[in-house]
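could you look at this predicted model? Sequence included:
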Amino acid sequence: MTQQSPPVWFITGCSTGFGRELARLVLARGWRAVVTARKPDQLQDIVSGHEQTALALQLDVTDRAQVTQTVQQAQQKFGRIDVLVNNAGYGYLAAVEEGEDQEVRAMFETKFFGLVALTNAVLPGMRQQRSGRIVNISSIGGLVSFAATGYYHATKYAVEGLSESLALELAPLGIKVIIVEPGPFRTDWAGRSLLESKTVIADYDATAGKRRRQSRERSGKQQGDPVRAGEAIIQAVEGRQSTAPSPSRPARVRSRPQKARRPQGCLRRLAADHAQRGFPRIPNHDVAGFPPRRPVPLSTDPHRLPLKPASSKIKTHL
């Protein structure tokens with residue numbers, strides 16, 4: 001992005017994980033940030049010392065009136081919003097048959113419909129500016145699926161499809177869409193932010209049940225560093241690390257741990273996806289990830305920016 005005044009970022013879900021670290025990075029650069037969470041008291045340490053450039057607001061993205069109000073407050077304080085980061089969300093573990101209707105619908109309200117509501121609230125200002133960035137936090141789970149997270153995957157597939165259409169619609173207006181697809185990172189996804197169905201069916205113990213146990217055991221031990229993910233997102237927003245095959249396609253950042261091994265089925269699906277879209281073949285090193293603490297290289301596919309949990313990707317491999 002090119003502009004003289006510091007950009008204004010609007011970030012949801014800043015109490016933990018990606019949102020929290022990204023907000024810190026943005027403010028540390030002297031940029032302006034609207035930092036939001038359902039419990040604003042969890043944001044005070046982030047905005048402390050940045051009273052002139054930070055605005056901490058309570059926001060539940062499922063509350064449409066609150067969505068409108070926070071966007072208006074942000075515009076009143078800073079005059080504009082340059083970057084929207086739709087990050088709010090949480091995990092939910094359940095075999096499809098075990099899923100509880102109320103919990104599933106609540107997750108869709110947060111992870112999909114909340115994203116839509118906030119995007120629509122911000123777009124009028126961006127259209128008037130003829131500039132802006134919409135950053136949608138998806139997941140590697142928006143490309144491939146596993147047991148026990150079927151409903152979570154469904155929300156991410158929805159975000160992926162919406163983002164593709166959104167990019168086509170906004171490209172002529174100077175607004176770009178970035179999809180971030182993280183792999184395993186040390187966030188609270190499998191910790192405090194994780195919900196599980198109360199219904200447990202014994203027949204799924206070897207599939208969904210096993211995945212539940214693995215998720216709990218691995219929480220906090222993932223190789224992915226959310227700080228590096230935040231740095232990669234900033235690079236993508238600035239256009240230094242992520243490009244798209246055409247101006248009307250969303251840029252992507254993907255991240256996964258350097259040594260993490262992908263099931264062969266996942267590799268085949270990624271390769272098939274590239275082939276179907278007419279993209280160049282994915283080299284093995286692009287799939288495996290990139291060494292930590294090195295600049296994230298561009299894939300030969302300009303549509304994606306590979307990022308690993310050790311580094312971090314912007315819809316390429318986050």
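All right, it came through fine.

and L84, that's in a strand?
Yes. L84 forms part of a strand when assessed by DSSP: H, G, I helix; E, B strand; the rest coil.

was I right to think it contacts A121?
No. Counting by CB atoms under 8 Å, L84 does not reach A121; the two are 9.1 Å apart. The way it works is simple: take the backbone N, C-alpha and C, and place the C-beta from them, glycine included.

quick one: which of these two has more around it?
Between L84 and A121, L84 has the larger neighbour count (other CB atoms under 10 Å), namely 28 against 21.

OK, contacts around the residue nearest to I175 when sequence neighbours are not counted?
The shortest distance from I175 to any residue that is not its chain neighbour, by CB to CB, 6 or more residues apart in numbering, is 4.5 Å, and that residue is G132. Residues counted as contacts of G132 (CB atoms under 8 Å, 6 or more residues apart in numbering) are 81-84, 122-123, 125-126, 174-176.

cool, F78 as well?
8, 32, 34, 55.

any idea which of the residues you listed is closest to E169?
Proximity to E169 was ranked across the contacts of F78 by CB to CB; first place goes to V8, at 22.3 Å.

quick one: strands adjacent to the longest strand along the chain?
For the chain, the longest strand by residue count, based on DSSP state E, is strand 175-182. Based on DSSP bridges, the strands next to strand 175-182 in the sheet, each with its direction, are strand 132-137 (parallel), strand 251-255 (parallel).

closest one to Q4 among the ones you listed?
With CB to CB, the closest approach to Q4 among the strands paired with strand 175-182 belongs to strand 132-137: 16.1 Å.

please name the nearest non-neighbouring residue to F10.
Nearest residue to F10, sequence neighbours excluded (CB to CB, 6+ apart): V34, at 4.4 Å.

quick check: beta-bridge partners of the one you found?
Note on V34: beta-bridge partners F10, L55, judged by DSSP bridges.

is it true that it touches A74?
Yes. Using CB under 8 Å as the test, V34 is close enough to A74 to be in contact (4.3 Å).

can you pick out the residue with more neighbours from the two?
When V34 and A74 are compared on other CB under 10 Å, the one with more neighbours turns out to be V34, at 28 against 25.

report the contact partners of the more buried one.
V34 makes contact with 8-11, 54-55, 57, 70, 73-74, 77-78, 81, according to CB under 8 Å, 6+ apart.

pLDDT score for it?
Reported pLDDT at V34 in the predicted model: 98.

and for the one 3 residues further on?
A37 is assigned a predicted lDDT (pLDDT) of 96.

now it, nearest residue through space, not along the chain?
Excluding its sequence neighbours, the residue lying closest to A37 (CB to CB, 6+ apart) is S15, at 4.0 Å.
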